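*Asks:* only geometry, no sequence info:
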């Protein structure tokens, strides 16, 4: 028997089986898109977008990945209050490591690189 995500799903599967009903469990995968609007925190004159994060919630991480995927031409950089906090209590991944993994430049809030504000050189981290 497959592993079910909830007790309700498990109970239903057992009932289907006991009553001779055929079924498939989680075999269909459907892509979907949620429509939303992103409002950047700060936009610098050079076009660099700064997104400030204290607590970096899972929904914020999903949002940032979706925006990056749908708008690859935007230069979005993350400014963390505590970049070395872990994503969860049990995770070893810090906010900073997450940003690096997904190709976001980042900086601690107290040490934003000055060249991020430079019209001519906005490639530094």
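*Replies:* Happy to help now that I have it. These figures come from a predicted structure and were not determined experimentally.
*Asks:* A strand includes residue 63, no?
*Replies:* No. Under DSSP: H, G, I helix; E, B strand; the rest coil, residue 63 falls outside any strand and is assigned helix.
*Asks:* surely it meets residue 37?
*Replies:* No. Contact criterion CB atoms under 8 Å: residue 63 and residue 37 do not qualify, at 10.5 Å. Where you see a C-beta, it was placed from the backbone N, CA and C, and this is true even at glycine.
*Asks:* higher neighbour count, the two?
*Replies:* Comparing residue 63 with residue 37 by other CB atoms under 10 Å, the one with more neighbours is residue 63, at 15 against 4.
*Asks:* who touches that one in this structure?
*Replies:* By CB atoms under 8 Å, 6 or more residues apart in numbering, residue 63 lies in contact with 36, 38.
*Asks:* which of the helices or strands spans residue 77?
*Replies:* Element membership for residue 77, per DSSP states H and E: strand 76-80.
*Asks:* what does that strand contact?
*Replies:* With contact meaning CB under 8 Å, 6+ apart, strand 76-80 is reached by 40, 48-53, 56, 64, 67-68, 95-96, 99, 104-109, 112, 116.
*Asks:* give me the buried subset of those.
*Replies:* Among those, those buried by neighbour count (16 or more other CB atoms under 10 Å) are 48-51, 53, 56, 64, 67, 95-96, 99, 104-107, 116.
*Asks:* this structure: strands as residue ranges?
*Replies:* 42-43, 49-53, 76-80, 105-108 (DSSP state E).
*Asks:* might you report the residue contacts of residue 13?
*Replies:* 1-2, 4, 23, 25.
*Asks:* with neighbour count, pLDDT and distance to residue 75 added, can I get those in TSV?
*Replies:* Listed next are these as TSV, based on neighbours: other CB atoms under 10 Å; pLDDT from 0 to 100; distance: CB to CB, whole Å:
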residue	neighbour count	pLDDT	distance to residue 75
1	8	61	49
2	11	77	44
4	15	88	44
23	9	93	48
25	15	93	43
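*Asks:* no further questions, thank you.
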